[in-house]
Structures are given as structure tokens and as C-alpha cells.
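Chemist: Pasted the sequence and its predicted model underneath.
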Amino acid sequence: MARTRPRLGVFKFSSCDGCQLSLLDCELELLAVTEAVEIAYFLEATRKDMKGPFDITLVEGSVTTPHEAELIHKVRKSTGTLITIGACATSGGIQALKNFKDVKDFIDKVYAHPEYIETLATATPIADHVTVDFELRGCPINKHQLLEVINATLNGRKPVVPKHSECIECKSRGTVCVMVAKGEACLGPVTQAGCGGLCPASHRGCFGCFGPMETPNTAALSERLKALGSAPRDIHRLFQTFNANAPAFRQQAESLEDRV
Amino acid sequence: MGALPMDPMQPRPFRIEKVRKELADTFTLELVPEEGGEFRFAAGQFNMLYVMGVGEVPISISGDPGDGARLIHTTRAVGAVTAAMGNLKVGEALGVRGPYGNPWPVEAAYGSDLVIMAGGVGLAPLRPAIYQALANRERFGKLVILYGARSPSEILYPKELEKWRGRFDTEVQVTVDRAAEHWSGNVGVVTKLVKRASFDPLHTVAFVCGPEIMMRYGVQTLTGAGIDPSNIFVSMERNMKCGVGFCGHCQWGTNFVCKDGPVFPFDQIADIFSIREL
Amino acid sequence: MVQIENLGRILEEHPFAQGLDPQLKELMVGCAANERFDAGQYLFREGQDAKKFYLIRSGSVAVEIYSAGRPPIVVESLHDGDVLGWSWLMPPNKWTFDARAVTLTRALSFDATCLTRKMESDHALGYEVLRRFVPVMAHRLHAARMQMLDLYGPAKKGK
Amino acid sequence: MSATANRIIKVDALARVEGEGSLYVKVKGDEIKEVKFGIFEPPRFFEAFLVGRSYAEVPDITARICGICPIAYEMGAIQAMENAFGITVPQPIRALRRLIYCGEWIESHALHVYMLHAPDFLGLPDAIQLAKANRPLVEKALRLKKIGNDILEVIGGGRAIHPVNMRVGGFYRTPRKKEVQALIPDLEWAIEASLETIQVVGGFSFPALEQDYTFVALRHENEYAIHEGRLISNRGMNIGLEQFLDHFDEEHVKHSNALHGFMKEGKAPYKTGPLARYNLNYDKLSERARQAAKAVGLGAKVTNPFKSIVVRAVEILQVCEDALAICRSYQEPSEPYGAVPVKAGVGYGCTEAPRGICFHRYEIEADGSVKTARIMPPTAQNQKIIESDLWKVVAANLNLPDEDLKWRCEQAIRNYDPCISCATHFLKLTIERD
Amino acid sequence: MSAMPGEKAVIDRERLNDLISILNRQGYTVIGPTMGEGAILYDVVTGIGDLPAGWGDEEEGGRYRPVRRSDQALFGYSKPAQGLKGHLHPARQRLFAAERAGNGFRVLKDEGKAPRYAFLGARACELAAMRVQDKVFDNGAYRDPHYFAKRDDAFIALVTCAQAGGTCFCASMNSGPDATEGFDLKLAELGSTFLIEAGSERGAAILAQLSPRPATDADRQAGVAQIAKARQQSRSMVEGVGPMMAARLEHPHWDEVAKRCMTCGNCTMVCPTCFCTTVEDVTDLAGNNAERWRKWDSCFSVDYSYIHGGAVRSQGAARYRQWITHKLSHWVSQFGVSGCVGCGRCITWCPVGIDITAEAKALGG
């Protein structure tokens, strides 16, 4: 059966561009994707500026400016399936570190004329502003998972994007656990799978690019990391980096704050 | 070495002969094997149904075990696979593995009264048992069908229920949770029907299928009415990925629901039936 | 009195009176009346004073809630052997539902004022009547909860 | 349209650049009143986040400044830390670093040359249309790009964007010999593909524009500088990294969320990136790269910014050759990383990102935490020179209709392969004809 | 000499090279212990030089370290980090491919040939684990062709343990350190020689080519002493654990464990008997080709027990209870054997060191 080509929009909010680059990085599959969907809006790839509505929209980045807070509602209205991609869009990303600090102080640190800068006090995930149909995690997202989500959406199936721990990926590929075999601090046991278990395979602990797994027992991991010799301040930083604003990581970092 | 043993994980394509919409979200498919031949099963068994590229789900068989020419499944669209199944059209194909699982012990109930209690789409897995019981009506004492649905418009197989009710030898009672005033039937929970049904509890076998909570209270009511737990059978639902005991997902206590069930005599599971998150 | 004898026999046959001491039964019969309702006729309506209760002998009765702008919703249907109404037992003694005969219904009704007086002066009767109402109420509560669960509907997606 | 009509040309959201930027040009008659190359990519405050973090975390955090050139950030930060702690890495580690950087260059340049810039020269909106016109070419381009990513994945620990394997002192894990050797056949193919690329883009027609630029680039005695060297210019500057801030600064202008870099001397704009590197390090290009450049008419000097696409193609060839040599001679280092003697101090790092020099300076506390951080990405440094190019392009093309002029301006900006996400801490085109 | 099954002989350690070559010649891929990245791992071995000579291991709850031995023993460790499960029951396995055909689809024949494995250095507990998984994948009604394509023909050269690892408790599970059946060859490393016996005819045929000499009484005694020493284990499984657990499905201790358990699933991944899998449907973008893959799953994932609407085991406590009660108790009802072979990997590789023997004791007390 021939299917009609759905229209795809790719939008960027505050981010590093890496997640949308993942789409261009699907080198071998990219042309197939452009055959399966009509890329109707994707600034990084085309100057063709076609208007909505879109059947599928990928949104990268978090909401950090008043303009973005407005724009996301327009994007939501013009799209069928809205898929957020990456840590920024799903938890606020690295720039959510400002949620824990005084932003004015930050602007002063970076810019000579703070009065030129328009920014919100927080960096927030897209789902805090509009209804999101699917969240794809990662800093950056895994391009295979991105293809899977697009593919599943086109084929009407549930994307295979597990929410269990990173450990299961590590063990499935036969990586030796760096926490057990080396005493490295690792967020793997509380982090959602998806990257493919990269850090432990590179002999270092996971630093949580994919955010908290389902039902993460961050307290138990903190206790173990302490026993392995991590200072509370180091554990705090571990939880407060790329998915600092994800509730489970945020709360665990907060619970360590009085000991930092 | 001779021919390789059949791979139980490989589906056989069946062609859709007929699609019937039963309720807003529930439909019945009539299937015939592409390779030809008959499909034999026992009442209460299920198949793993595969929609190409979408996935596979366990669905109980709801046709007549006496009729091997057509495989009949009634399904509610609740997830991606069942939704995709609902979009299939006559002439398209579906993968089938099965039949799997323990059936309703219809023959073991010969000589007794038979009470069939169903809730919602739980009537679908019981329909084969009803067909079988009706085909062998003379072998039973009383035959009582108690059915509860959410509302009059959500009663599954209403015409057949009416037909069965019209038989002089079968007691059919239908109740709904809520109704508008034009509904002249029963309103209330299905368990309420037990009290008014006529059967001899000491010589009765009961089959119960519906949502787990309904089955819990249903069994309670039936045992309360005096039926021995070993004569009450329930059909359980658990996550299944293989249907043959390889994937582990459907474990429930010592049981694999796929091969030890889905139909269990209640006395065998009474001790775990109410344990949470088991 | 022929009528009372009849009522006594009728009460005797109703599950409500099972195991009730004959003396107490007699006390109850003194407050009873035989009633008949045609299909569609209301036994009582919401908000009216609840001065009676009914033991249904035959037929079926729909317990309904009315809401403006939509047809009444039937929340339960009662049949032979069921007990209808307990609002007479407690203040403000007002019916909280409508009760409508779905088919020709015959019922034994009991006058609340009469029975309440007897129950107060004869605590044994009071105890026996209440003891029979408690399971009826408990059962109704349980059934209401089950209906509230909306068991047969498609499962709601978990978050 | 009368000669004195107001003309406003706006590009609210520039396409085929990394990140979000805009252009605003205001023309009255034949006189250009204003050219603003703006970056409305929201500010992300990296320098502020870094304060108080451990030195060890800085490479991973700075990687997130940019998904296009994370190596530039990771490596700049790593080398700055090593500079602060007095670490020199052994030769095999250095070679692996160059190899992974070659990967980023191949990926980024192939992406820019084919997917982002070439459609301008062919009058197409994007590479998808290019694929319709010449599918084998686009497939080759994608394979070339993929080879860059493959290097990034093998050396970087499994992913090309925000690789996880680089650390202060070396790598977390050094790849096995067979993993590196597996790259060789593809790199051999890539050399042929890059030669073909030079021919294809060398055959484009280039708008006339010659500029007398101040070029700034890294210079290394033994190689085409990528990740190490002194900073030199065509005006005689030759400095160590620690002197960078004595010569360069950046200012905050109203129309942009990115700071604009300038040379302190004369408060002058300067140019970094492929053209600067080519002009300053022509002698360090491989013989084959020089010959291939010559074959499409490129000598030792190139001052037409539109020819940057050809220079990028030449650079792809250069790094493919470099990468191949490294892979062929690769021996597994005895240790993946050396000791890190943490101490208080100041460290500088500067590398050639695909789009130009990326400078880092950190002050580190005795416990290894960051006291201050300063990062100057290439696109921020190039902002002033982009505006200068645009003045010339608009002036030379005032006869063009707005749509064509707009496109020409965009093309001129894309000469720089601006990476706007990184510059924030960067574009709408608005051309206003007044 | 010709070796009969059960008869003990002695070979020099260099003969292992011959053993590997003979197996290779017979078409087997030989899998054996190697010093991998950070731990001893099973991998392809082509000669004695690939074996982890002089390496041992230190293991305790949540901790593993490879350590140098004072000698050059080839099998001087307790057990590799992950067992042999991955070879017979791979983490990912394609079940079938399908392509659209007209209105329907066609299931394509899998032309792939299963690898022929010889396991050199398999431990008794690992052999026990295979025998447990055999029962799972041939449960009377159904036999899994994917598993048995590799298992039926697998050659097992068992090496008995010379010492117990820090987390081993096979002795109390009756699954080690020695085995009496199920192997083709059984070896025990005695210094520079191996005590060897055949357990099958094909084992005997190969043994005959290894220039064995008859074992002396001293050799046999050394072998017995070695097993006795390996039997000395610091951990043991509490007696009667099966019925005990079945009676304690509702017990406050589950919540205690849940405080420590991260539901990360490491225990299930390293367990040599854990067999659970989920399936993954893979399609091309146009939807014309589809594949169905089976991959390892864990009862610790929420999705594992998902039925429309929600998961049956939403709580960590329930998931831990499922794992341990299945392993130690329900397995016996299902398959007639315990699901635990006492290898102790779940203890070693639990990031927080939860100890199955300690939890069983705590639950029984």
C-alpha cells in the first residue's frame, strides 16, 4: 500500500544543535527518510520555509526566553505528533543549571551589556509548556533511536525505546561494570538506557546523558557512591549536570545539598 | 536429520475473510490459513496474533471449537498492535501462532450445572465454551450465563445473547453498570446476578472471565453461593511475548500464565490471587 | 383478619424475613401494606419524605438519578426478593433517588412511622430490622464502588 | 522601484547554518545604511556554569556548547587544563587527538560543503533537491561525512556528537589496533572522494569579491595546524596562546546574543577559518592537496570568501591523508592517560575548529575547581568580518531583486559555516532599503 | 592409550593447544577465558596464549578485581564476569524476517547457520546453568530451535575449580565445584599438567589424540584435594529456601531490600540461568520489510509486567521478590530444579552488593 508522505517539521529551541544534527548524521538512512517524509521545515538543512501544518514535528532545545515560551504554543498548534528530542527538550538540558542560580549574576558574568539580553530565569522542558506525544532522551539523542521513533511513527507501532537502566545495555553488550570492577562513580544504575552503554565501554562511569530511568533509586546509589569514596559534593555534581532539572536527579542533588 | 522442527516463534499468515465491528473499539476478525487446512483449538485457548512490522499480542479465540474452517478473534483496540489490527481490511493478512494455553474444562463439567460469568470483552474468551456447552446441551444440568457490561451499548454479542436467552434450556442474565431509563434490563454489578440464578452449587462448575477485579469479586460471590473453589475456573491475563514459556513475562507465582493458564482452577491459585504485585 | 394473615404469609416468603422470630414478624405485619405498581409508575421520587420501605415480591424496579437536560440514569435495578429504600431509617428521611417500576411490580410496603415506634419500644425488633438492613446497605455500597471503577471500559493509559 | 525607495531586506531565520541567526540590511538609494548579522540563539551561560565545577568535568560540559564541533570544545578545554597543570601528552596520545579532530573536520566540512553550501552555488534550496538532481554525488557526500563520524565514534567512545572518551591527560580508553585499522579502507576511499569533491566544487562559479583580510590561524612547524601551535597573522603577529587576550577582545552589541571579537590593535575585524588557515599554512599542505588546489585554479593565496568552499574541500583531502597516516602507524599506547598533577593556575587552549580558532582560558583553584572560564568560539570572532563582507556584497549587488539579494547575502554568510549555537555566548537577515 | 569415559588421565598443559586445534579442525569455534578489558571474559580462543595465565580474581558483594597470581595458572580464577549464556542464548537474536507480498506478507527462511561452539574452561556451575536452561527451552510442549541449534552440538571441556571465589556458593546448591555428567571432557589444572577424563564418546575420541598418560594415585588424590578445597566456600544458601520463600510472599523484608535495590537488572543479566526475553519489531521506513528480534529482558524493568493500562509490578520490592522467589523457589515447581546454581555473579555484579544468600537468610529468619 502506498502511504501519503507525512510532513516533517524540525524546530530548535535553546540547545547546541546536536540532536537535530543526529538526523543529518543518519547518513545511510537520510535519503530514505527524505523519501518517507516530506521535510517541510528544517532550518539546519533547507532554506525552503514551508508553513505548517506538520504531521510530525521534532523539537530540540529547552524554553529559556519569552520568545520561545510563545513560539512553542504555535508549534504545538501546527503539528500532529510532537516529539521532543534530547535532554534540553525533555528535561531542560545543561542550561537548566541556571535554574539553580541567580540568572542575573550569570548574565553579568558572560555579557558586558546585560540590558541587551532577554532570557527567562529558568530553562524548562517542552512538556512543561505544551502536551508532548513522545519524549526521546539523550545528550545527544541516539540517532538509531531517532530513526526508530520516526520509523515507528510512520509504521504505527510503539517505538522500542526502553526506560530501564543503562546497566541492561552494558551487560547486553558484555561491558565490564566500571563501578564493580574499578570503583568508578557511575550513574548507570539510575540512568535510562539508550546511548548504547558508551561510557562504561570507554572505561568511565556513566554521567547520565539519558536522564533518570523508570523508578530510579537515586538514594541507594548515592549511598553506594559515598561508600566507594565519592564526596557528597562530587555526587551532587554528578546528578546536577546534563539532566539537572529532571525531577529524580534534581531531588537527589537537593538532598545532598546540606552536605556539599 | 529430518525436517527441522517447527519454530514455535514463527507466525503463519492467515487471511482476513471478514471484519465485523462489535463495539466502538471492539471488532471481530474471521481468518483462514493462507496455506489452507483447518484450525483446531479448545475453548479458552489463545493465539499470538502478529501484525507485520507492528507487533504481536496474545488474543483469546472466540469462535466455535466445533468449526475448524474459520478462526475467529474478537479484540478490543487498546494498544498499537490491536489498533493496527483494527485497521486491517478483508484480504489482508495477519500472523498467527497457536493455539496456546489451557482450555476451559468444558468436558469435565459434563453432568453438572454450568455457570458462565463474564464481564465486558471477557465474554469473548468464554464464547467458545458457550458454543461447546450448547452443542452438548444434554450433557449438562442447568446452563446459566451471567454477563455484565458497562452500559447497554457496550454489550458484546447482543444478538447471540438474545438468541441464547430465547432457548428454553438456558438462563441468560445481563446487567449493566449504568443505563438510561429506556433500558429495561438489570442495572448493577454482575455478581448481583448470582443470587437470582438457579443452579445447584454442590454440582456446579463455573467459568469466570473479565477484568481481574471483577473475577476476584465474582469468585467470592460464587464461593459464597456454595460452589467449591476447585469447580470455579478463571482466565488470567499477563504480559506475554512468546506464548510458549520461553520469555518469562507471564509468570505469576509458580505459574506461567501462557502454559499453565490462562484458565486456572481457582483452588490452584487461591493463595496468590490476592497478593499484590505478584 | 384475612388481610393480615395474607400479609404475614407474604412476608414469610420474602428473604428479608428469613429467620425472623414469628412474634417480631407479627409486629412488622402490623405496619405492612400490599402495593402494586404499573410499569412506568414511580414508587417514590427524590426529595420526597421517605415514609416507607419496600420488599419487592415480583417485578423490577429501577433506582434512578435525574439530572436536568439528560435522561435519568439508572444506577441499580431491583428484583424479587430485594429490599428497596433505607432513607426512612435516618434523618432527614428524604428519598435520595427516584424509584420507578420497570415492569408490573408487587411489593410489601412498611409504614416508617409505625415501624419506628415499634422498634423503639421493642429493641429486639429494632435490632432484627437493623441487622437486616445493614447487609443490604453494605452490599449496595460495594456495588456502587464496583460500578464506579468502570471495570469493563478500556483501560486508562497509565502515566 | 524608484532609486530612492526604502529597501529593507530581512532574513528572520537563516537556514543551513548551525544554530539561529538573522540578517538585517538597510539601504537608502544606493547607500547602505546598516548591516547587522545577528545571533538570536538564546544565551546559554556556559562560562558561568563552569565556575565551581571540577576541571575533569569541563570537557564534557563545554562539548555541549556545540553539537557540530564538540571536539573543538573538548580538546580546547583539555589542553587548557593540561597547560595549567604542566602536562605534556606522549606522542601516541597526541596522534590520536589529531585523528579524532580529523574526523570532526571531515564530518563538518563534508556536511557544510555538500549539504549546506553547495546548494547555493547550484541554485537549489537544499541537498534533498541536490539528491534528486544527482543522487550518486549526494550518496558519496554522505559516505564521506560518515567516515568522519566513524573516526569520531571509534576514537570518541561510540558517538560522534559529544564523544565521551577524551579526558585531561589523554583518553579514558585507547582504541585497539584492529578498531583503528578498520578505518583504513574507508579513508583510502575518502581520499579519492575528496579529490573528486575538489573538482566538483572547484568548477562552481564564484561571485567576484576580493578582500584584504587580516587572517589569523594556528601555525605548527611540522603539520597543517589543527589542534596545536602558535597564533600567527598575515600582518606579522606571532604569539603564544597565553598572549591571546593581549591581542584579541570581544564586545557585546545590541543586535546579537553573541559577543563580537576584534583585534585590539586598531579595533579591527579579523578572519579565522579555512581561508585564514589556507593562506597562512599553504606550505604545510600535502603535495597532493596543493596539486589538487592548483588543478582547480587555487594558488597560495585565496582572498575571495566565496572560494572558501573549495578550500574546505582541499582541507578534507588534507585531513583524510593525515588520518590515514595516523591509522596506518597506530600502535596502542601503553597507558590511555597520564597522571594529572592538579594545582592552582591559569591555562590556555586554542584549536582550529572546522570554522576557525576556538580559544579557551581557565583559572583553576588548588582543588581543581574552575575559578573563571572564558571561551571565544570562532563564529563570534568572525562576526565582524562577516558584516564587512556583507557590506561589500550588498554594495556590489544592489541591482538584484530583493529575493536574489537576500539569497546572495545568505550565501556570503554561509561562506563562514557559522556555527551559531556555539557563538552564543550568535542570525536574522533583514535588509531595509530606506 | 585409549581413554574410556570416566577413566582419568593426565596431559601436559601445552596439549591444550592441540585440543583447541582439533576442535577448530572439527568446525568448532572455541570459547574460553581471556583477560578482557577489566575482567576475565569468555571470548574466542585460538591457543593457550589467549588464556588468562597468571590471573585470578577477587570477588565480594559489589566488588570485582582481577589480580595477579603468584603462578602461571591458566584457570586460576573463580569464574569469568559473564557466563556462557550469551553464546547459547544471545542478548539479541533474530526470530524471523518478513516481507510484504501482495495484500499480505511472507515469512522468510533464515539461512543463517548457527555457530558450533566448544566451551573450554566451562565451570561446573555454568554447565549446571546450561542444564537448567535446557529445561526452559525444551519445556515438554515446545522446544526452542534457536537455542538448541547452538546447544545440541556444543562441546564442553569443563575445568573444575581449584579455589572458590569470594561470592561462590555452588557447594550448597549442589552444582559445583565438580560435575559428574553433561561434559565431553573434564579437566582439573594441577600445576603444569591437567587431570583429564572424557564424559562422552566424542570427548574420548579427542582425548585419545592428546597423548594422555594414565593418572597415578597421586594425580587422582591431588584432584580430589583440589575439589575439596574449592568446596570451602564462605557463603551458602539457607536450607529449605524454596518452601520458605513461597511462604513469605508477603513479608516486610521485601521493602527492606527495596531500599537498597536499584532495580537496575544487573543480577538478571549476569545470571547464567535467567532466560527472560522481550521482542522488538524492526521495520524499514516504507514498512515493506520487517524483522522480529528477541532480546534479553529483565523482570526488574517496569515494562516486563505491563498489561494494558499499567504494570503489574510497579514497586521495586515486587520486582526483587519476583526475581529471587522465581530463582530460588518457583523455579523448582516449574522445572524441577533450582534456578540458582550458586555462581555468585549476582552478588559480585550487583552495584550495591545485594547478596542473594544473605537476603534469603534474612527472609527465613
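Modeler: On my side now, so go ahead.

Chemist: Residue of chain A closest to chain D, please.
Modeler: The minimum distance from chain A to chain D, using C-beta to the nearest C-beta, falls at A:Gly18 (2.0 Å). For the C-beta atoms, the positions are set from N, CA and C on the backbone; glycine is no exception.

Chemist: Check the residue nearest to D:Val342 when sequence neighbours are not counted and give its pLDDT.
Modeler: Closest residue to D:Val342 apart from its sequence neighbours, by C-beta to C-beta, 6 or more residues apart in numbering or on different chains: D:Gly368 at 4.2 Å. With respect to pLDDT, D:Gly368 has a value of 96.

Chemist: Show the contacting residues for D:Gly368.
Modeler: D:Ser54, D:Tyr55, D:Ala56, D:Val342 (C-beta atoms under 8 Å, 6 or more residues apart in numbering or on different chains).

Chemist: out of the residues you listed, which one sits closest to D:Leu23?
Modeler: Of all the contacts of D:Gly368, D:Tyr55 has the smallest distance to D:Leu23: 38.8 Å, by C-beta to C-beta.

Chemist: That closest one and D:Tyr362, how far apart?
Modeler: Separation of D:Tyr55 from D:Tyr362 (C-beta to C-beta, to the nearest Å) stands at 8 Å.

Chemist: Helices along chain A, start to end?
Modeler: A:18-24, A:27-36, A:66-77, A:86-91, A:103-110, A:143-155, A:166-172, A:178-182, A:198-201, A:218-227, A:232-239, A:247-256 (DSSP state H).

Chemist: follow-up on the earlier one: would you turn the contacts of D:Gly368 into TSV with neighbour count and distance to D:Val138?
Modeler: TSV is the format used below for the contacts of D:Gly368 (neighbours: other C-beta atoms under 10 Å in any protein chain shown; distance: C-beta to C-beta, whole Å):
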residue	neighbour count	distance to D:Val138
D:Ser54	17	44
D:Tyr55	25	43
D:Ala56	17	41
D:Val342	19	48
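
Chemist: Present those as TSV; the columns should include secondary structure, pLDDT and distance to D:Tyr73.
Modeler: TSV is the format used below for the contacts of D:Gly368 (DSSP: H, G, I helix; E, B strand; the rest coil; pLDDT from 0 to 100; distance: C-beta to C-beta, whole Å):
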residue	secondary structure	pLDDT	distance to D:Tyr73
D:Ser54	strand	96	17
D:Tyr55	helix	97	14
D:Ala56	helix	96	15
D:Val342	coil	97	21
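
Chemist: any chance of the helices of chain A in TSV, plus distance to chain B and mean pLDDT?
Modeler: Below are the helices of chain A laid out as TSV (distance: least, C-beta to the nearest C-beta, whole Å; pLDDT from 0 to 100):
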stretch	distance to chain B	mean pLDDT
helix A:18-24	22	92
helix A:27-36	13	89
helix A:66-77	23	92
helix A:86-91	21	97
helix A:103-110	42	70
helix A:143-155	5	92
helix A:166-172	15	96
helix A:178-182	25	97
helix A:198-201	26	97
helix A:218-227	19	97
helix A:232-239	28	94
helix A:247-256	21	94
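
Chemist: coming back round to it: how many neighbours does the residue of chain A closest to chain D have?
Modeler: 30 (other C-beta atoms under 10 Å in any protein chain shown).

Chemist: Also E:Gly62?
Modeler: Neighbours of E:Gly62 (other C-beta under 10 Å): 23.

Chemist: on that earlier part again, so what's the residue of chain A closest to chain D closest to, chain neighbours aside?
Modeler: D:Gly67 (2.0 Å).

Chemist: who are the neighbours in contact with that neighbour?
Modeler: A:Ser15, A:Cys16, A:Asp17, A:Gly18, A:Cys19, A:Gln20, A:Leu21, A:Pro140, D:Glu18, D:Ile161, D:His162, D:Ser421.

Chemist: just E:Glu59 next, same as before
Modeler: E:Ser78, E:Gly165, E:Gly166, E:Thr167, E:Gly344, E:Ile347, E:Thr348.

Chemist: at 7 Å instead, please
Modeler: Residues near E:Glu59 by C-beta atoms under 7 Å, 6 or more residues apart in numbering or on different chains: E:Ser78, E:Gly165, E:Gly166, E:Thr167, E:Gly344, E:Thr348.

Chemist: JSON lines for those, including pLDDT?
Modeler: Listed next are the contacts of E:Glu59 as JSON lines, based on pLDDT from 0 to 100:
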{"residue": "E:Ser78", "pLDDT": "96"}
{"residue": "E:Gly165", "pLDDT": "95"}
{"residue": "E:Gly166", "pLDDT": "96"}
{"residue": "E:Thr167", "pLDDT": "97"}
{"residue": "E:Gly344", "pLDDT": "97"}
{"residue": "E:Thr348", "pLDDT": "98"}
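
Chemist: so what are the domain limits for chain B?
Modeler: By the assignment in automatic domain parsing, chain B contains the domains B:12-100, B:107-235.

Chemist: near chain C, which residues of the stretch 51-200 of chain B?
Modeler: Proximity of the stretch 51-200 of chain B to chain C (C-beta under 7 Å from any C-beta of the partner chain) is limited to residues B:76, B:78, B:119-120, B:148-150, B:154, B:177-181, B:183-184, B:186-189, B:192, B:196.

Chemist: Now, the residues you listed that are in strands?
Modeler: Per DSSP state E, strands hold the following members of these: B:Arg76, B:Gly119, B:Gly148, B:Ala149, B:Ala179, B:Ala180, B:Asn186, B:Val187.

Chemist: And the contacts of D:Gly67, which is closest to B:Lys163?
Modeler: A:Cys19 (58.9 Å).
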